[in-house]
Every structure is written in structure tokens, then in C-alpha cells.
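[1] Okay, here's the prediction I keep looking at, along with the sequence it came from:
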Amino acid sequence: MKNKSAATKSAAILIAFGILFAAAGIARGDTAVLLRKAVFICMECIGIG
């Protein structure tokens, strides 16, 4: 049982860090940059860009 508790605690910490970094990226405005890059990659993949 001790390992399961440690694994659950580790998972909770990793999720918290993920949420923290996602919030930091949104606050910096990185979502617009990410969307622009995704559009360019998709356009290159289908041969338009």
C-alpha cells in the first residue's frame, strides 16, 4: 500500500505542475503563438504553405 500512496502523491504533484505551467503560458500569451505554429505546420503538411 505504501507504493500506491507515493505514486498517487507523485501524480498529484505532476498534475499541479502541469496546471501551473499551463496557466503561466496562458498568462504570457503563448496560446496565440502555439496556434499560429500549429496552423503553419498543418498547411505545410497538406502542401499549401
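    Noted; the coordinates are in hand.

[2] The residue positioned nearest the centre of the chain: which element?
    In the chain, the centroid-proximal residue (C-alpha atoms, centre = their mean) is Ala22; its distance is 5.9 Å. When secondary structure is defined using DSSP states H and E, the element that contains Ala22 is helix 2-28.

[3] Could you point out the helix or strand that follows that helix?
    Heading C-terminal from helix 2-28, the first helix or strand you meet, by DSSP H and E, is helix 30-45.

[4] and that following helix, average pLDDT?
    Helix 30-45 shows a mean pLDDT of 85 in the predicted model.

[5] quick check: angle from it to helix 2-28?
    Computed by axes from the mean of the first three to the mean of the last three C-alpha atoms, to 10 degrees, the angle separating helix 30-45 from helix 2-28 equals 90 degrees.

[6] List the buried residues of helix 30-45.
    Neighbour-count burial for helix 30-45, with 16 or more other C-beta atoms under 10 Å as criterion, is recorded at no position. C-beta here means a position set from N, CA and C on the backbone, and glycine is covered the same way.

[7] Backbone dihedrals for Ile46, please?
    With angles defined as degrees, to the nearest 10, Ile46 sits at phi -90, psi 0.

[8] circling back: name the helices or strands packed onto the helix holding Ala22?
    For helix 2-28, there is no helix or strand it packs on, judged by 3 or more C-beta pairs under 8 Å, 6 or more residues apart in numbering; DSSP states H and E.

[9] quick one: it to chain centroid distance?
    Put simply, helix 2-28 sits 12 Å off its chain's centre (C-alpha atoms, centre = their mean, to the nearest Å).
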